[in-house]
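**Q** what follows is a predicted protein model with its sequence.
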Amino acid sequence: MNSMKKVLVTGGAGFIGSHTVVELVAAGFEPIIIDNLCNSDISMLDGIEAITEKNIPFFNIDCTDLDAMMDLFQHHGPFLGVIHFAAFKAVGESVAKPLAYYHNNINSTRVVLECMAHFGVKNLVFSSSCTVYGQPKENPVSEKTAWMSASSPYGYTKQVCERMIADTSLGSNLSSVLLRYFNPIGAHPSGLIGELPLGVPENLIPYITQTAAGLRSHLTIFGSDYNTPDGTCIRDYIHVVDLAKAHVAALSWLEKQSPICEVFNLGSGNGNSVKEVIDTFQEVNNMPVNVVAGARRPGDVEQIFASADKAKEILNWGCELTLADALKDAWTWQLKLQE
Ligand code: UDP
């Protein structure tokens, strides 16, 4: 194995991680997955291997475990870079369990940085989020948009981790890209990998697909009295395959840079309301979804969508897939899960 093509992917069995591993292989990189499977399933590896026709090394490691991480870097490196996904990711859950979020998200990033520094690994791609912006004063948000206070513990952990990486970059050899995801949805078009929420889904799309499939009696719209055209929250939904490709573009770009810390928004540039997403899902899949109006969810911002011009300009990356593509692929994946 050409060691300088080895890329450590933390949280590589998760939703975005698994799709990124597929795109890394397609681009000639050699991913190594670590995941503690707390919010993912080992079966995702079968899907990855079926798509890539490669055996991908996997280690069940918790990223907050410094000794285990040091051991991994020692015995399985050297790595060209690290793509750090491993984190808790649900806004609503973070309001209910803030300490779990502070512990997991912040410590895992600190441990990754410590291991990278110790073993001289230069390139880091970090999984950040548009939640760092809080509720912005204006949309679309660009990377220069000022951060408002984070509206959830989850968003705050992403602010802290970004700051921690930027601070570490100063005066060191670290080169990092902070990728601020908007709302990743959909699944691989093969139907072999996708989102695998354990228990009751927190996010909109798996809740829609499970309701359409009859696994949930109804979908609750969290708030219909927002100051938006139809009263429901607006987000920027991005197909997970487009998002995965952005990680490859970011890593390839980082390889050619001197030490740097750069941030990119990854979104489609379109804002869609919760109602629009539900309507599009019903239309493209010809499946009804039983919907009820409910109260606002604590921690939600009213509306946010991206300007992704910087990623286009510097990484030469942009979305190729639509909301309708993503909702079709999400439904195909749901059907596959029930086979
Ligand atoms: N949402 C909803 N019902 C649900 C789940 C989510 O109305 O069962 C709304 C949520 O309030 C937000 C949007 O869907 O406005 C996207 O939520 P999600 O949790 O998918 O992503 P977030 O933007 O919170 O990261």
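**A** The structure has been received and is ready for your questions.

**Q** burial measure for residue 282, as a count.
**A** 16 (other C-beta atoms under 10 Å). For the C-beta atoms, the positions are set from N, CA and C on the backbone; glycine is no exception.

**Q** list the contacts for it?
**A** Contact analysis of residue 282 by C-beta atoms under 8 Å, 6 or more residues apart in numbering lists 288-289.

**Q** how about it, secondary structure?
**A** Here residue 282 is recorded as helix under DSSP: H, G, I helix; E, B strand; the rest coil.

**Q** ok, which stretches of the chain are helices?
**A** Along the chain, the stretches classed as helices by DSSP state H are 15-26, 43-52, 66-76, 91-96, 98-101, 107-119, 153-169, 204-212, 240-255, 274-285, 309-310, 323-337.

**Q** who does the fifth one touch, helix- and strand-wise?
**A** To tie it back to what came earlier, the one meant is helix 98-101. On a contact count with 3 or more C-beta pairs under 8 Å, 6 or more residues apart in numbering; DSSP states H and E, helix 98-101 meets helix 153-169.

**Q** how about the residues of the stretch 101-250 of the chain by the ligand?
**A** By C-beta under 6 Å from any ligand atom, the residues of the stretch 101-250 of the chain that approach the ligand are 183, 202-204, 207, 219-222, 233, 235.

**Q** now the buried members of those.
**A** Buried members of those, counted by 16 or more other C-beta atoms under 10 Å: 183, 203-204, 207, 219, 221-222, 233, 235.

**Q** what's the closest of those to residue 62?
**A** residue 203 (23.0 Å; C-beta to C-beta).

**Q** hmm, which helix or strand of the protein has the shakiest average pLDDT?
**A** Ranked by mean pLDDT, DSSP states H and E, the helix or strand of the chain with the weakest confidence is helix 91-96, at a mean of 90.

**Q** can I get that helix in CSV? Just the C-alpha atoms.
**A** Extracted as CSV, the C-alpha positions of helix 91-96 are listed here (Å, rounded to 0.1, in the frame of the first residue of the first chain):
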residue,chain,number,x,y,z
VAL,A,91,-29.5,19.5,17.4
GLY,A,92,-32.5,18.4,19.4
GLU,A,93,-30.7,15.7,21.2
SER,A,94,-27.9,18.0,22.1
VAL,A,95,-30.4,20.3,24.0
ALA,A,96,-31.5,17.2,26.1
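
**Q** contacting residues around that helix?
**A** 88, 101, 131, 151-155, 157, 202, 297-300.

**Q** okay, who's weakest in those residues by pLDDT?
**A** Lowest pLDDT among the contacts of helix 91-96: residue 299, with 82.

**Q** roughly how far apart are that residue and the ligand?
**A** 8 Å (C-beta to the nearest ligand atom, to the nearest Å).

**Q** wait, that residue touches residue 150, no?
**A** No: at 9.1 Å, residue 299 does not count as touching residue 150 under the criterion of C-beta atoms under 8 Å.

**Q** compare those two and say which is more crowded by neighbours.
**A** residue 150 (23 against 19).

**Q** can you pull the contacts of that one?
**A** Contacts of residue 150 by C-beta under 8 Å, 6+ apart are 131-132, 134, 156, 158-159.

**Q** next one, pLDDT for residue 2 please.
**A** pLDDT, residue 2: 46.

**Q** now do the one 10 residues further on
**A** On the pLDDT scale, residue 12 is placed at 98.

**Q** how about it, nearest residue that isn't a chain neighbour?
**A** Leaving aside its chain neighbours, residue 12 sits nearest to residue 33 (3.2 Å; criterion: C-beta to C-beta, 6 or more residues apart in numbering).

**Q** quick one: residue 83 from residue 121, how far?
**A** Noted for residue 83: a distance of 12 Å to residue 121, by C-beta to C-beta, to the nearest Å.

**Q** now residue 46
**A** 29 Å.
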